[in-house]
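Chemist: Sequence and predicted structure are below.
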There are 2 protein chains.
Amino acid sequence: MRERLLILSLIFFQFIGAQKISSVEDKIRDIYVKSLTEGKSYSWLEHLSKNIGGRLSGSLNAQRAIDWIKDELNNIPALDSVWLQPVMVPKWVRGTFEYANIESSPGNTINVNVCSLGGSIATPTGGIRANIVEVESIEELESLGEKNINGKIVFFNRPMQSGLVNTFKAYDGGLGQQYIGAAQAAKYGALAVLFRSMNLRLDDHPHTGEMSYGSLPISKRIPAASISTNDSELLSSMISLNPHLRFFLRQDCKNYPEVKSYNVIGQIKGTEFPDKIIFIGAHLDSWDLGEGAHDNGAGVVQSMEATRLLNIINYKPKNTLRVVLFMNEENGGRGAKVYSESVSKKREKHLMVLESDSGAFTPRGFVFDTSDKYFERILKWKPFFEPYYIHLFRRGEIGANLRLLKKDALVLSGLKTDSQRYFIHHHSEIDTFEAINKRELELGAATMAALIFLTDHIGFE
Amino acid sequence: MRERLLILSLIFFQFIGAQKISSVEDKIRDIYVKSLTEGKSYSWLEHLSKNIGGRLSGSLNAQRAIDWIKDELNNIPALDSVWLQPVMVPKWVRGTFEYANIESSPGNTINVNVCSLGGSIATPTGGIRANIVEVESIEELESLGEKNINGKIVFFNRPMQSGLVNTFKAYDGGLGQQYIGAAQAAKYGALAVLFRSMNLRLDDHPHTGEMSYGSLPISKRIPAASISTNDSELLSSMISLNPHLRFFLRQDCKNYPEVKSYNVIGQIKGTEFPDKIIFIGAHLDSWDLGEGAHDNGAGVVQSMEATRLLNIINYKPKNTLRVVLFMNEENGGRGAKVYSESVSKKREKHLMVLESDSGAFTPRGFVFDTSDKYFERILKWKPFFEPYYIHLFRRGEIGANLRLLKKDALVLSGLKTDSQRYFIHHHSEIDTFEAINKRELELGAATMAALIFLTDHIGFE
């Protein structure tokens, strides 16, 4: 009798187990189908890209984006509250467009495509014309020393490593140099610095990005610009033919005092554990070139859409779900800093922090920054994602901004996408809505929603 | 002493094991790096797309492609022999461009974008103007019957299912209807058939494809065309407003007698097992619209490049490596048929048949059609592919053409790519070189080379 009871209860629990899994699988299928067939992410991104556009911190466009996101969040019925969190941000303005040329022989010039790096100072109004010296690295700059650098423009021409399959690794390889290069070259008397654009493709679009003068006094600062990959190749070959080649650069950018801006936050209060927070978000600012469609309009609308999808499949989160569109990731990190300080102060406990910041390309999976214990539990969810070709569950670091939340969150995670085309668009004038594939964007939103759903429904404990 | 010997030999064999794995990993890394940094696939594809272009079976362009591929194979030093295998192929010619319009009111027309389906007959020279009836399926056509169909143009307006993540599944869902629709509608007295293009995106480009009249007598045949997705939406909405709407179609295509063409084959004779063949290949014909860049110039140059990559990493295959660029996949399957008949006749044993026919998008893995035994062995190779984000190893069928080789091959396999953007381009005028990403194409070539290398170097036994 006991044995029969045992068998019966085993059958019963297996049945319940199967039911539960099947309902989880059904919910996830529903999320994907609804994202692909009734999604709003694409039309949202069209608005953010085309009707607002590039939205650098402190700009009018950034404020327009804040207002629009707040309105759209207010239109998602499930959200209990939507608010703005004030943040002081740096303000840098590109000014009139940059101009540069190579003097191939006295009086003959070839125009090249450049753009100022964010944070750079302007050249004198009449521009700078000087000899140009090509280096590959800070080390090479140092070995050349003052006698070879003084009075010249320094051209850092290190290509991204095309042999790396992970293009973000290839990007990281050049990032540091671009950040500190101006300050380093200024020490040796350089007049300006020029960086080969961080783009794996040869084309005509210069890519901007962040730079810093570190502790360099204002009087010692020199202008920093980026030059397209095609023009980098041209310039390099011309330097090799004529070491006394002269280069002309004119730019008009300017740093202004800090201004007030905002993070935009919306929230669904948890039905069972309102004090435990699941964070889904993305940075809402972008560079001023292009429309910030991949970087990071995609992440903004995917975070909003994931929240909306859970609502339209009628899922009510047990924990508090908070969607956070934060300001100033590109040139200062102030938005994430203010958010994380507020979290620490209020001792808010985050179960999960999930961000999207790798473009609207086909999602491949997630990177997780967490303990062995939670990572092992999350790995058990992999089979739920297999039908959607989501295979990548690896440990690693998420973007530097949200890493500030590490001490207040059990799991930090980032959506990972197919990275091959990202750096064609990233920080350039061709980061536009036309470069977005609707389905790839929608799959990313669904993949985020599915992870949030599993975190809330199954949890880590 | 014995124990010490045992331990020593264990250490020794572990060391050998590690050496072997490390050398396999090194070779595969070398393949990927060389494909991304010294690859020829992209410039080859540029030539095939831009200097040759669309290459429908029996066309002059198809012959130009044959000649060019033969020349390029002859330039790969490792190949012992390159030859042409004669194939008789159907010849269908589109003629002058198609024209169609919707008569919104008598005398007022709106032009729409259409193209003939391959194999279709022409309309009369003056075109066909008739009422149009919209159906979703063959079943709906049958239920409407002769009284509703006779004397009309039938518009099959079934959208691809956007809720499916695997777009090839969504494609298969509409394929059969397009293939047999003309013959079915002709039975009920239809004057012509029009199909919504198989494209998941709304745009203005009609997509062609294969159709058949089956056993329908020549006198009963009716023209078949494809209409763009945007115009399908427009037409459908206009039909719903005016059930007596008239549609005009004029097309000028023609079937000609069969002509002689070729498969192009190159071979590296195996150093140890010359009688065992590893096949890598792709169909070299394409539709006449566009340049056949994704479908299937990509597969052609990837197969050539995989062969070349094994050569430039100095790998000499133990088994015979045969690269086969076969003719007439799109509208007849004759090339693969001739090849497979020759294999059967000569009793040639194929270890592996690997094809590429899913576009130059980021590779995701492979589909395998094989026994449990071989599939389990191949699964052990998965870890070698992990560093390259290749996760998909699933069982399934490869393309119908090469499936003919099943009885003569241990393993049939196909490269699988990210499928989200494929059906934007497939069989349309925008399947051009501009839609190719260099790195994604190169990763596909490397992934094929890696599987071929493992098949040859480790094998299944």
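Modeler: Structure's in. What do you need?
Chemist: Residue in the stretch 101-250 of chain A with the shortest distance to chain B?
Modeler: Using Cβ to the nearest Cβ, the closest approach of the stretch 101-250 of chain A to chain B is made by A:Gly163 at 4.1 Å. Backbone N, C-alpha and C define where each C-beta goes, glycine included.
Chemist: Next up, the contacts around that residue.
Modeler: Applying Cβ atoms under 8 Å, 6 or more residues apart in numbering or on different chains, we find A:Gly163 in contact with B:32-33, B:36-37.
Chemist: give me that answer again for 10 Å
Modeler: Applying Cβ atoms under 10 Å, 6 or more residues apart in numbering or on different chains, we find A:Gly163 in contact with A:170, B:29-30, B:32-38.
Chemist: And the one helix or strand A:Lys416 maps to, how far out from the chain middle?
Modeler: Assigned by DSSP states H and E, A:Lys416 belongs to strand A:409-417. Between the centre of strand A:409-417 and the centre of its chain there are 13 Å (Cα atoms, centre = their mean, to the nearest Å).
Chemist: partner strands of it, parallel or antiparallel?
Modeler: Its sheet considered, strand A:409-417 pairs with strand A:349-356 (parallel), strand A:363-370 (antiparallel) by DSSP bridges.
Chemist: and after the last one, which helix or strand comes next?
Modeler: This means strand A:363-370. Counting by DSSP H and E, what follows strand A:363-370 is helix A:372-379.
Chemist: If you count contacts, what does the helix or strand following that next one end up packed against?
Modeler: Past helix A:372-379, heading to the C-terminal end, the next element that is a helix or strand (DSSP H and E) is helix A:382-385. Here helix A:382-385 touches helix A:2-38, strand A:363-370, strand A:392-395, helix A:438-457, going by 3 or more Cβ pairs under 10 Å, 6 or more residues apart in numbering or on different chains; DSSP states H and E.
Chemist: looking at these, which is closest to A:Glu134?
Modeler: strand A:363-370 (35.6 Å; Cβ to Cβ).
Chemist: what angle do the closest one and helix A:372-379 make?
Modeler: With axes from the mean of the first three to the mean of the last three Cα atoms, to 10 degrees as the basis, strand A:363-370 and helix A:372-379 are set at 160 degrees to each other.
Chemist: Which positions in the stretch 351-461 of chain A make contact with chain B?
Modeler: A:361-362, A:364-365, A:386-392, A:394, A:416, A:418-421, A:423-424, A:437-443, A:446 (Cβ under 10 Å from any Cβ of the partner chain).
Chemist: Can you say which of those are buried?
Modeler: Among these, those buried by neighbour count (16 or more other Cβ atoms under 10 Å in any protein chain shown) are A:361-362, A:364-365, A:388-392, A:416, A:418-421, A:423-424, A:437-443, A:446.
Chemist: can you list the residues of the stretch 1-150 of chain A near chain B?
Modeler: Close to chain B, as judged by Cβ under 10 Å from any Cβ, the stretch 1-150 of chain A has residues A:29-30, A:32-39.
Chemist: Is it possible to get CSV of the residues you listed that adds distance to B:Glu139?
Modeler: Formatted as CSV, those follow (distance: Cβ to Cβ, whole Å):
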residue, distance to B:Glu139
A:Arg29, 26
A:Asp30, 27
A:Tyr32, 28
A:Val33, 24
A:Lys34, 27
A:Ser35, 30
A:Leu36, 25
A:Thr37, 23
A:Glu38, 26
A:Gly39, 30
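Chemist: looking at those residues, which has the most residues close by?
Modeler: Counting neighbours by other Cβ atoms under 10 Å in any protein chain shown, A:Ser35 leads the residues of the stretch 1-150 of chain A next to chain B with 30 neighbours.
Chemist: what sits against the nearest residue to that residue once chain neighbours are set aside?
Modeler: In this structure, A:Ser35 finds its nearest non-sequential neighbour in A:Ala446, 3.8 Å apart by Cβ to Cβ, 6 or more residues apart in numbering or on different chains. Taking Cβ under 10 Å, 6+ apart as the criterion, A:Ala446 is in contact with A:28-36, A:39, A:41, A:302, A:305-306, A:309, A:363, A:388, A:390, B:165.
Chemist: okay but A:Ile268 is in contact with A:Ala306, surely?
Modeler: No. Here A:Ile268 does not reach A:Ala306: they are 11.7 Å apart, not a contact under Cβ atoms under 10 Å.
Chemist: Need the residues touching each of the two.
Modeler: What both A:Ile268 and A:Ala306 touch, as defined by Cβ under 10 Å, 6+ apart, is the set A:321, A:323.
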